[in-house]
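Undergrad: Whatever this is, show me its structure:
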Amino acid sequence: MYSQRRITRRLELLLDVLLTECAFVCAYLVKTYLPMGRYGGLTASSNYPLLLLLITIIWYVSLDIISHRSSYRSKLSVSIFRNVFYLVSINTVLLVMCMYLFKISDISRILIFFFFVLDVVFLHVSRWILRQIIASRWNKDVYHRYVLIIGSRATAKELIRMVASHPETSFQIVGCVDLYQEDVGNTVCCDVQIIGTMDNLRDILLNRVIDEVLVAMPMNEIHDSEWYLSLINTFGITIRIIPYWYIRKYMSIQPGSHDFQVERFLSEPALVLSTVQEKEDAMILKSIMDYTLAAFILFMTLPIFLIIAVSIKLSSPGTVFYKQLRCGQYGRKFHVYKFRTMVNDADKMQNALVAYNEADGPVFKIKKDPRIIPYVGSFLRKVSLDELPQFINVLRGEMSIVGPRPPIPEEVEKYELWQRRRLSMKPGVTCSWQIQPDRNSISFDQWMKMDLNYIDNWSFWLDISLMLKTIPAIILAHGR
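TA: Prediction:
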């Protein structure tokens with residue numbers, strides 16, 4: 001969490017410096033080219049690049065100092081907006097002092113004024129836009145982190161109050177789990193209730209979206225605590241143990257298969273148990289790559305979108321896009337978008353075709369599915385172009401470019417417990433088994449194991465490798 005905050009602050013800092021440089025360039029262009037009578041135009045001075053370098057250094061240092069005390073998420077109050085004006089004013093004064101100190105002459109004072117105004121505007125507008133983005137993201141289920149607390153006494157109450165006092169965070173308390181049935185339904189604090197006992201934990205994890213479990217009671221009070229930890233671990237859900245730390249038995253189970261580290265949950269120290277080392281720095285890069293590539297691919301393939309849309313409309317009555325409910329990270333429900341490759345109401349025809357299902361496990365697949373639109377639908381599925389609209393899901397934060405494919409809820413209900421860990425990572429447009437030449441012949445268990453192997457061995461470079469391997473898989477038409 002610390003490294004994630006550090007990288008986020010660095011990105012915020014670079015954005016501010018870049019906007020400041022843009023403000024200077026815009027001020028230079030305005031002063032040079034806009035007709036302003038005797039106030040227009042600039043002398044042919046070679047000192048303006050040096051001035052831009054000074055601006056970059058001064059703003060970088062001052063913003064870096066500020067970024068250690070706050071982030072964009074906390075920069076969204078009126079007082080902070082006012083502080084931007086003060087910051088730009090102080091930095092401008094420092095800039096003028098440096099100009100005198102280093103004897104930088106032939107600099108237009110009007111240009112400095114234009115730069116000051118534009119920088120204040122740019123930084124204010126950027127914060128307003130980010131405020132809207134953050135506010136909209138925080139209202140979406142996909143950006144919430146749903147937390148289940150084991151325990152309901154003093155430590156649990158402190159954690160609940162802490163989350164309630166930090167509404168800007170993404171944490172949402174689902175409820176508490178305790179030891180005794182007679183306590184179920186009682187309110188712990190802040191409208192958070194005890195929703196079950198340890199005996200109900202398995203059903204809670206199966207039927208609710210849970211991103212993290214906070215253990216806020218002594219582990220020695222939980223009978224067979226190591227079994228419950230193993231159960232939560234099976235789902236791939238992160239466990240944060242608030243002291244007391246009685247987990248010696250669990251730590252001896254399959255040593256090396258889990259990641260143990262001490263982090264902070266807001267201001268409280270917690271021991272984190274995770275089936276996969278989080279590699280937060282690389283995960284941030286993965287998110288940046290997802291949004292950037294998805295936007296680029298959607299822009300570049302816009303003509304292809306239009307051609308496919310027309311082809312579908314000419315070949316089959318109905319909509320161009322097909323929307324289906326799928327399960328995302330930790331069971332979040334979302335609608336995945338695809339180009340429609342089957343006749344209308346194809347889902348309603350599936351029950352009549354169950355006898356022809358060629359896939360094992362809960363998956364439904366037929367080699368020559370009679371519901372597929374002739375020629376157009378078959379071609380789109382062969383070259384996987386029907387998946388193109390899923391980059392919209394990537395931009396919405398519901399999917400990643402690389403990750404386990406999103407299953408339908410009916411399939412998830414039939415998963416065995418060890419298979420549920422497949423939902424511990426954001427689903428992807430492509431994955432490790434989709435690039436295989438015989439991907440349509442891979443058994444369900446092999447499919448699951450390949451996805452879990454991807455999760456366990458994930459790296460930024462593994463994603464790059466799978467993306468590059470997806471290109472020949474599309475060209476060679478491995479789809480069906």
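Undergrad: per-residue confidence averaged over stretch 131-150?
TA: For stretch 131-150, mean pLDDT is 74.
Undergrad: shouldn't V17 be in contact with Y60?
TA: Yes: if you go by CB atoms under 8 Å, V17 and Y60 touch, sitting 5.2 Å apart. Bear in mind the C-beta positions are built from the backbone N, C-alpha and C, glycine included.
Undergrad: Neighbour count: those two, which is higher?
TA: Taking neighbours as other CB atoms under 10 Å, V17 and Y60 compare with V17 leading, 18 against 15.
Undergrad: re earlier: show me the common contact partners of V17 and Y60, please.
TA: When contacts are counted by CB atoms under 8 Å, 6 or more residues apart in numbering, the set common to V17 and Y60 is empty.
Undergrad: Run through the stretch 151-300 of the chain and note the low-pLDDT ranges.
TA: Flagging of the stretch 151-300 of the chain using pLDDT under 70 yields the residue ranges 168, 244-260, 274-281.
Undergrad: Now do the strands for it: every range, in order, please.
TA: For the stretch 151-300 of the chain, the strands defined by DSSP state E, counting those that start in this stretch occupy 171-178, 187-189, 192-197, 212-215, 238-241, 259-265, 268-274.
Undergrad: would you list those in CSV and tack on mean neighbour count and distance to A156?
TA: Output for these, formatted as CSV (neighbours: other CB atoms under 10 Å; distance: least, CB to CB, whole Å):
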stretch, mean neighbour count, distance to A156
strand 171-178, 21, 6
strand 187-189, 16, 6
strand 192-197, 19, 8
strand 212-215, 26, 8
strand 238-241, 23, 12
strand 259-265, 14, 12
strand 268-274, 18, 11
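Undergrad: With distance to A295 added, can I get these in TSV?
TA: Putting the strands of the stretch 151-300 of the chain into TSV (distance: least, CB to CB, whole Å) gives the following:
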stretch	distance to A295
strand 171-178	28
strand 187-189	43
strand 192-197	38
strand 212-215	30
strand 238-241	29
strand 259-265	32
strand 268-274	30
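Undergrad: ok, now which ones touch the closest residue to T187 other than its chain neighbours?
TA: Computed as CB to CB, 6 or more residues apart in numbering, the closest residue to T187 that is not its neighbour in sequence is Q193, at 5.3 Å. Residues near Q193 by CB under 8 Å, 6+ apart: 175-176, 185-187.
Undergrad: With C26 instead?
TA: By CB under 8 Å, 6+ apart, C26 lies in contact with 114, 118.
Undergrad: Per the annotation, how does the protein divide into domains?
TA: As assigned by automatic domain parsing, the chain contains the domains 2-138, 142-275, 281-475.
Undergrad: ok, so what distance separates K157 from G151?
TA: According to CB to CB, to the nearest Å, K157 and G151 sit 9 Å apart.
Undergrad: So if I had to pick from these two, which one is more boxed in?
TA: Higher neighbour count among K157 and G151: G151, with 23 against 18, using other CB under 10 Å.
Undergrad: Unless I'm misreading it, that one sits right up against M219, doesn't it?
TA: No: using CB under 8 Å as the test, G151 is too far from M219 to be in contact (10.2 Å).
Undergrad: Quick one, grab the pLDDT at G41.
TA: 62.
Undergrad: can you check V30 too?
TA: At V30, the pLDDT value in this model is 84.
Undergrad: repeat for the one 4 residues further on
TA: According to the per-residue confidence, L34 scores 72 in pLDDT.
Undergrad: how close does it sit to I107?
TA: Per CB to CB, L34 is found 18 Å from I107.
Undergrad: And those two? Which one has more around it.
TA: Ranked by neighbour count (other CB under 10 Å), L34 and I107 place I107 first, with 17 against 11.
Undergrad: For the more buried one, give me phi and psi.
TA: The phi/psi pair for I107 (degrees, to the nearest 10) reads phi -110, psi 130.
Undergrad: Contacts only, for it.
TA: Residues counted as contacts of I107 (CB under 8 Å, 6+ apart) are 45, 47-48, 51, 99.
Undergrad: On the pLDDT front, check it for me.
TA: pLDDT, read off for I107, is 82.
Undergrad: all helices for the stretch 251-400 of the chain, in order.
TA: For the stretch 251-400 of the chain, the helices defined by DSSP state H, counting those that start in this stretch cover 280-300, 302-315, 376-382, 390-395.
Undergrad: Tabulate these in CSV, adding columns for mean neighbour count and distance to R10.
TA: Formatted as CSV, those follow (neighbours: other CB under 10 Å; distance: least, CB to CB, whole Å):
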stretch, mean neighbour count, distance to R10
helix 280-300, 15, 10
helix 302-315, 14, 33
helix 376-382, 19, 42
helix 390-395, 20, 23
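Undergrad: Now do the helix or strand harbouring R127: distance to the chain's middle.
TA: Taking DSSP states H and E as the definition, one finds R127 inside helix 109-138. Put simply, helix 109-138 sits 25 Å off its chain's centre (CA atoms, centre = their mean, to the nearest Å).
Undergrad: ok, now stretch 292-302?
TA: Distance of stretch 292-302 from its chain centroid, counting by CA atoms, centre = their mean, is 18 Å.
Undergrad: Next: stretch 429-439.
TA: Relative to the centre of its chain, stretch 429-439 is centred 23 Å away, using CA atoms, centre = their mean.
Undergrad: ditto for stretch 89-108
TA: In terms of CA atoms, centre = their mean, the centre of stretch 89-108 is found 42 Å from the chain centre.
Undergrad: Nothing else from me, thank you.
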